[in-house]
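Enquirer: Just a sequence and a predicted model for now, questions to come.
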Amino acid sequence: MSDTPVVEQVDTSVFTVPTDAPEADGTLSWDSTTLILAAVRCGGVTGLGYTYAPAATARVVDDLLAGVVTGSPALDVPRMNEAMHRAARNAGLPGVVTQAIASVDIALWDLKARLLDLPLVRLLGAACEEVPVYGSGGFTTYDDERQERQLRGWVEDEGIPRVKIKIAESWGRREDRDRRRVARARAVIGESAHLYVDANGGYDAKQAVRVGRALADEGVTWFEEPVSSDHLTTLGLIRDQLTLDVAAGEYGYTLPYFGHMLAAGAVDCLQADVTRCGGITVWLRVAALAQARGIGISGHCAPHAHAHAAAAVPNLRHLEWFHDHVRIERLLFDGVLDPGGGSITPGADGAPGLGLTLDTERAQTYRVA
């Protein structure tokens, strides 16, 4: 039909924001975070999507994906997602390429909802009104005072009853400090709040079991990536030996990866990152895979990219309210959500799409490309 709206233009921008303090987890340290923004335009309407990835990701969008999407029917997002995956076949999908696809896919869903003048959650269909969140940070570089201040901010000031800290410092070589920091975190948040930990794959298998049993004594209920999620059999064996929930999946870039993880019985809750796994289109399919096996799903990082999709799946556990990304999204965008009381309510204000608009004046300070 001649009046069918089509994608007219795809643009990218790159923003790098320094951290507010030195940060590290069990296996990596960093002092800045880069956000790749994709803007998809149709008839005066712009959809926004983003991913946290190296600046080279923008080149993938510009060189491999923009031409595939431009001229396509703007409402046919799954068709364009498939076309992008096919176009990028020889570039190697896992990693930067899939993150590039994710940024465009999120922008396309935002565009479609804006064209229809609907909050994205209303377009997708809500399974729940509120999305539970957990405060996430507790970096291994924090001293006791900074960790306590962050934890109290979530639990006491914002009323978030779930928090997570990083452990497995220096690839598991500071196990005593890991245990001390967990014990101190429990003392700070009290007995009623849920305490989670993330080892980022820093332990070996037997160490993970030993530490996991000690964590259970502190009332920890979530043990994220105790060993590398590349080793699914080992992850499953650790899960079988512990009472606390084992979670992983943030490094899943393709749908089959999640299928393999579930088939291996590796996790109690599947994590998936909408900015890594190919966008909202694929994230919803990952959630369906998990539901078919009676497993919940948790959104990894980038909370405002996840929020509307998270509200659309019945097996949602929660969404990560990650310190770095919350800070960046509040800095760059207007329309961000309030986690007060421990949950967010996407679409409540009636704003179309994701409800985000780029504050160009604030963002310009951090733009690098």
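Expert: Structure's in. What do you need?
Enquirer: Low-confidence ranges, the stretch 1-150 of the chain, go.
Expert: Applying pLDDT under 70 to the stretch 1-150 of the chain flags residues 1-2.
Enquirer: If we use 90, what do you get?
Expert: The stretch 1-150 of the chain contains residues with pLDDT under 90 at 1-3.
Enquirer: Now do the helices in it.
Expert: Ranges of helices in the stretch 1-150 of the chain, per DSSP state H, counting those that start in this stretch, are 56-60, 66-69, 77-87, 96-115, 120-124, 144-152.
Enquirer: out of those helices, which comes closest to residue 359?
Expert: helix 96-115 (16.2 Å; Cβ to Cβ). For glycine as for every other residue, the C-beta is placed from the backbone atoms N, C-alpha and C.
Enquirer: The closest one packs against which elements?
Expert: Judged by 3 or more Cβ pairs under 8 Å, 6 or more residues apart in numbering; DSSP states H and E, helix 96-115 is in contact with strand 9-24, strand 29-42, strand 45-52, helix 56-60, helix 66-69, helix 77-87, helix 120-124, helix 280-292.
Enquirer: Can you name every helix or strand that the fourth one contacts?
Expert: Okay, so that is helix 56-60. strand 9-24, helix 96-115.
Enquirer: what's the most buried one of these?
Expert: Mean neighbour count (mean count of other Cβ atoms under 10 Å) peaks for helix 96-115 among the helices and strands packed on helix 56-60, with a mean of 28.
Enquirer: For residue 144, give its distance to residue 163.
Expert: To residue 163, residue 144 is 15 Å away according to Cβ to Cβ, to the nearest Å.
Enquirer: sorry, back to before: want to throw the helices and strands packed on helix 96-115 into JSON lines with distance to residue 308?
Expert: Compiled in JSON lines, those are given as follows (distance: least, Cβ to Cβ, whole Å):
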{"stretch": "strand 9-24", "distance to residue 308": "21"}
{"stretch": "strand 29-42", "distance to residue 308": "16"}
{"stretch": "strand 45-52", "distance to residue 308": "12"}
{"stretch": "helix 56-60", "distance to residue 308": "22"}
{"stretch": "helix 66-69", "distance to residue 308": "20"}
{"stretch": "helix 77-87", "distance to residue 308": "13"}
{"stretch": "helix 120-124", "distance to residue 308": "4"}
{"stretch": "helix 280-292", "distance to residue 308": "8"}
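Enquirer: Looking at those, spot the one closest to residue 342.
Expert: When the helices and strands packed on helix 96-115 are compared by Cβ to Cβ, helix 120-124 sits nearest residue 342, at 18.5 Å.
Enquirer: in stretch 239-253, what counts as buried?
Expert: Neighbour counts over stretch 239-253 (16 or more other Cβ atoms under 10 Å) mark 239, 242, 244, 245, 246, 247, 248, 249, 250, 251, 252, 253 as buried.
Enquirer: From those residues, pick the one nearest residue 331.
Expert: Within those, the smallest distance to residue 331 is 22.8 Å, found for residue 250 (Cβ to Cβ).
Enquirer: Please name the residues that touch the closest residue to residue 260 other than its chain neighbours.
Expert: Of all residues not flanking residue 260 in the chain, residue 232 sits nearest, at 6.4 Å (Cβ to Cβ, 6 or more residues apart in numbering). Applying Cβ atoms under 8 Å, 6 or more residues apart in numbering to residue 232 gives the contacts 260, 261, 264, 266.
Enquirer: how far away is residue 11 from residue 123?
Expert: Computed as Cβ to Cβ, the residue 11 to residue 123 distance reads 23 Å.
Enquirer: repeat for residue 358
Expert: For residue 358, the distance to residue 123 (Cβ to Cβ) stands at 21 Å.
Enquirer: next one: phi and psi at residue 168?
Expert: For residue 168, the backbone dihedrals (degrees, to the nearest 10) come out as phi 60, psi 40.
Enquirer: Let's see the pLDDT reported for it.
Expert: If you check residue 168, the pLDDT there is 98.
Enquirer: just the one 3 residues further on next, same as before
Expert: Note on residue 171: pLDDT of 97.
Enquirer: Apart from its neighbours in sequence, what residue is nearest it?
Expert: Spatial nearest neighbour of residue 171, excluding adjacent residues (Cβ to Cβ, 6+ apart): residue 202 at 5.0 Å.
Enquirer: Wait, the one you found touches residue 175, no?
Expert: No - look at residue 202 against residue 175 with Cβ atoms under 8 Å: they stay out of range, at 10.0 Å.
Enquirer: Settle it for me: which of those two has more neighbours?
Expert: residue 202 (28 against 17; other Cβ atoms under 10 Å).
Enquirer: so what's that one bridging to?
Expert: Beta-bridge pairing of residue 202 under DSSP bridges involves residue 227.
Enquirer: Output the below-cut-off pLDDT ranges for the stretch 201-350 of the chain.
Expert: Within the stretch 201-350 of the chain, the set of residues satisfying pLDDT under 90 is empty.
Enquirer: All the helices of it, residue numbers only.
Expert: 205-217, 232-241, 255-263, 280-292, 303-310, 323-332.
Enquirer: Burial-wise, tell me which of those helices comes out on top.
Expert: Of all the helices of the stretch 201-350 of the chain, helix 303-310 has the most neighbours on average by mean count of other Cβ under 10 Å, namely a mean of 26.
Enquirer: which other helices and strands contact it?
Expert: Judged by 3+ Cβ pairs under 8 Å, 6+ apart, helix 303-310 is in contact with strand 45-52, helix 120-124, strand 131-136, helix 280-292, strand 296-299, strand 316-322, helix 323-332.
Enquirer: Relative to the whole chain's centre, how far out is that helix?
Expert: What separates the centre of helix 303-310 from the centre of its chain is 8 Å, taken as Cα atoms, centre = their mean, to the nearest Å.
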